[in-house]
Every structure is written in structure tokens, then in C-alpha cells.
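predicted structure and sequence below. I'll ask about it afterward.
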Amino acid sequence: MTIVKTCGKLYWAGEYAILEPGQLALIKAIPIYMTAEIESSEVYRLYSDMFTYSVDMRPDSSYALIQETVALVEDYLTAQGVDLQPFSLDIRGKMEREGKKFGLGSSGSVVVLVIKAMLAFYERPAERDLLFKLASAVLLKRGDNGSMGDIACIVSEALVLYQSFDREKVAQWLEKEDLPTVLARDWGFSIRSVEPALDFDFLVGWTKEVAVSSHMVKQIKNNMNTSFLQASKETVDSLVKALHEGQEEKIMELLEQASQLLENLSSDIYTPSLRQLKNASHDLKAVAKSSGAGGGDCGIALSFDQDSTTLLKKRWADLGIELLYQERIGHDDESEG
């Protein structure tokens, strides 16, 4: 039996703008994991703890994402000259509590997880860019409207600067050309690890509200104009420089700027709970903002001294915001869930 795992992710900056080709986003891997166990079997058996039953490869609407991922990876393996065989795949780790999702990128995690499991099962190499392209291909074929930033972060398991590619163009390639040809092409994305040159606490607060991502994304995307896109790209670029150079004040200022850009884009992004989460960092040596699509789910904070961290956690707790995750960055990278 082979066991693999994938993490979750949260955006620090660049949300919404990243939906446009060539834009930048800063995205952090969160070590809250989904795991998959895969082993040889006489017949296909796919199981996820999201559901109460298992399936084979006969189409099932609940398991469509997993089945389509299996089918695409089998296309890839066949082209590599691999003899296919049935397997049993067991997926666990819902990234939710009481039926409410954390918003850590669960669908992206599932796709990457299935790909990693299958490549491990067939003892094939799983380079980062290959994982990224295979997972993106699955989602593009499904008509997914996401930026693929979550995939970029999940395959890297780090804090990454992601530059987005032209998804429409790649989707057209996938329709017209065979998979090996498309995988061999240059898609025009870039994924780079970012290593901050200073110590600080990274905190994730969960509002327990569920963001309605795809519906909201469509509406808010219409509000984007060139000045928003340019400002977002410059902010993310400057933020990465400030992290690399260890400029505490600049980091706080730029995250505040990123937050303001989102707020100006749409009033739907900051729900009352997310606004409270953000305002709780006011007067502290810390900065907090919404993360991802907004409208619920999680917010993040960076805190630059122990007193600020302690106070922020207390304020969040008093507001009913759950501390989902905390990590010391730039130090010994000790984290606590």
C-alpha cells in the first residue's frame, strides 16, 4: 500500500487579479492535510470520506472530479507506455468541520492528491510542474473558472509567488491536441518559492461562514479594471521584495494595501465577521486581511511581536473567530494546528 498527502492553501495577496493571465499572487501552503491510500485491486474502487459510499469508474456525479482525474492520469500513463491496472483508492481529510468548508482549496487538493497517488502507485516521477499541469488540465477540461493558484501552492507545499497563464489558450490546446503534446508546451506560468528574511507569526482565523466562491467570483470579476490589475500586481511584487528584505513596516503597509484593493473591488468580499477579523489587528504590530474569494471562510494575519499575537488571538476568540492554524515563519518554522 502507498500513502500520499496534500496540503491546503491560503492567499496572502493577489486575489481576483490572479484570474487574469500574467498576474501575480502570493499563496501560502497550510499543513492541514488530505491523505490517500492506494493499492492494487481486482476492480477499481474509489472512496472519499466526503461521501458514504464508494464507486468504480462508472460515472457518478458525486465522484466526477475524482473519476475525471483518474481518467486523465491514465491517458498520460498510457502515452508513457505504462500498462494500466485497477486499484483501490481511499481519500480522507475533508478540510471542513460540521459540514462547513475552511476554504483551503479542497477541490485542488483532491485533484493533486489523486495524481500523486497514481504516479506513486505506478512508480513514475512526480515533478512539481508536471503535477501542476496535470491537475490544471483536469480542472480546465471541467470548465473550472479558477486561477490554478491553489494548485501552484499545493504542488509546492511552500509560500509561493505564482504568475498565472492564459487558461483559455491552454483549454483550447486540450480540446484540439493530445495530452502529451499539451504537457510538453510552455504554458507561460511561473511558480517561485518565497523565503521571508524576518521572523513573524502567521495566523489563520476561521469565520465559520461559507464563501459562495464560483457565483461570487463571476460577479466580482466583472468589477476588475486595468487600474485594479496594475495596482494588484505592483502590490504583490513589492510585498515579495519586502519579505525578501525583511522590511516589517513595508510588509504591513502592503498587506493593508492589498486588503484595500479588495475592499474597493466589491463590498461583498468583507462580510461583517471578516471585517471584525481584520479590525482586530488595529493598534497592534500586526496586519490582518481576508484571504481568497472572501465572503466568508478564512482571514489571515501576520504579527510581528509576541504581545500582538497574544492580543490578536484573544480578540479573535472573543469575536467567535476560531484560530485554525498558527505558524512561526522565518524562525524554526515550528507550527501548531
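Great, that's in hand. Residues are numbered from 1 along each chain as shown.

low-scoring stretches of the protein, by residue?
95-103, 105, 211-213, 331-337 (pLDDT under 70).

so what does the lengthiest helix in the chain touch, helix or strand wise?
Determined from DSSP state H, the single longest helix within the chain is helix 226-245. Packing partners of helix 226-245 (3 or more C-beta pairs under 8 Å, 6 or more residues apart in numbering; DSSP states H and E): strand 2-13, strand 24-40, helix 248-265. Every C-beta, even on glycine, is put in place using the N, C-alpha and C of the backbone.

highest mean neighbour count out of those?
Among those, strand 2-13 has the highest mean neighbour count (mean count of other C-beta atoms under 10 Å), at a mean of 23.

before we move on, back to that, redo the helices and strands packed on helix 226-245 as TSV? Include distance to residue 89.
Formatted as TSV, the helices and strands packed on helix 226-245 follow (distance: least, C-beta to C-beta, whole Å):
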stretch	distance to residue 89
strand 2-13	10
strand 24-40	5
helix 248-265	38
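
pick out the residue closest to the middle of this structure.
residue 150 (2.6 Å; C-alpha atoms, centre = their mean).

surely that one is in a helix?
Yes: counting by DSSP: H, G, I helix; E, B strand; the rest coil, residue 150 is part of a helix.

so for stretch 73-85, what gets flagged as buried?
73, 76-77 (16 or more other C-beta atoms under 10 Å).

out of these, flag the one nearest to residue 185.
Comparing these against residue 185 with C-beta to C-beta places residue 76 closest, at 14.4 Å.

excluding chain neighbours, give the residue nearest to that closest one in space.
Closest residue to residue 76 apart from its sequence neighbours, by C-beta to C-beta, 6 or more residues apart in numbering: residue 179 at 5.8 Å.

check residue 54 too.
Nearest non-adjacent residue to residue 54 (C-beta to C-beta, 6+ apart): residue 47, at 3.8 Å.

for the residue sitting furthest away from the middle of the chain, grab phi and psi.
Distance from the C-alpha centroid of the chain peaks at residue 42, with 34.5 Å (C-alpha atoms, centre = their mean). Recorded main-chain torsions at residue 42 are phi -80, psi -30, according to degrees, to the nearest 10.

run through the residues that contact the closest residue to it other than its chain neighbours.
Using C-beta to C-beta, 6+ apart and skipping residues adjacent in sequence, the residue nearest residue 42 is residue 86, 6.5 Å away. By C-beta atoms under 8 Å, 6 or more residues apart in numbering, the residues touching residue 86 are 40-44.

and if we set it to 7 Å?
If a contact means C-beta atoms under 7 Å, 6 or more residues apart in numbering, then residue 86 has 41-44 as its contacts.

and for residue 28?
9-10, 12, 153, 159.

if we can go back for a sec, do I have it right that the residue nearest to the centre of the chain meets residue 108?
Yes: counting by C-beta atoms under 7 Å, residue 150 does reach residue 108; the two are 3.8 Å apart.

where do the strands of this protein begin and end?
Listed from the start of the chain, the chain has strands (DSSP state E) covering 2-13, 24-40, 45-48, 54-55, 87-92, 96-97, 100-101, 159-163, 190-193, 200-206, 286-290, 298-303, 322-329, 335-336.

including distance to residue 277, could the ones you listed go into TSV?
TSV is the format used below for the strands of the chain (distance: least, C-beta to C-beta, whole Å):
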stretch	distance to residue 277
strand 2-13	13
strand 24-40	16
strand 45-48	30
strand 54-55	38
strand 87-92	29
strand 96-97	17
strand 100-101	16
strand 159-163	21
strand 190-193	27
strand 200-206	5
strand 286-290	6
strand 298-303	4
strand 322-329	10
strand 335-336	19
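
for residue 224, which of those is the nearest?
Across these, residue 224 has its closest neighbour in strand 24-40 (13.7 Å, C-beta to C-beta).

just the angle between that closest one and strand 159-163, please?
Put simply, strand 24-40 runs at 110 degrees to strand 159-163, going by axes from the mean of the first three to the mean of the last three C-alpha atoms, to 10 degrees.

each with direction, which strands does strand 24-40 pair with?
Sheet partners assigned to strand 24-40 using DSSP bridges are listed as strand 2-13 (antiparallel), strand 87-92 (antiparallel), strand 159-163 (antiparallel).

all set, thanks.
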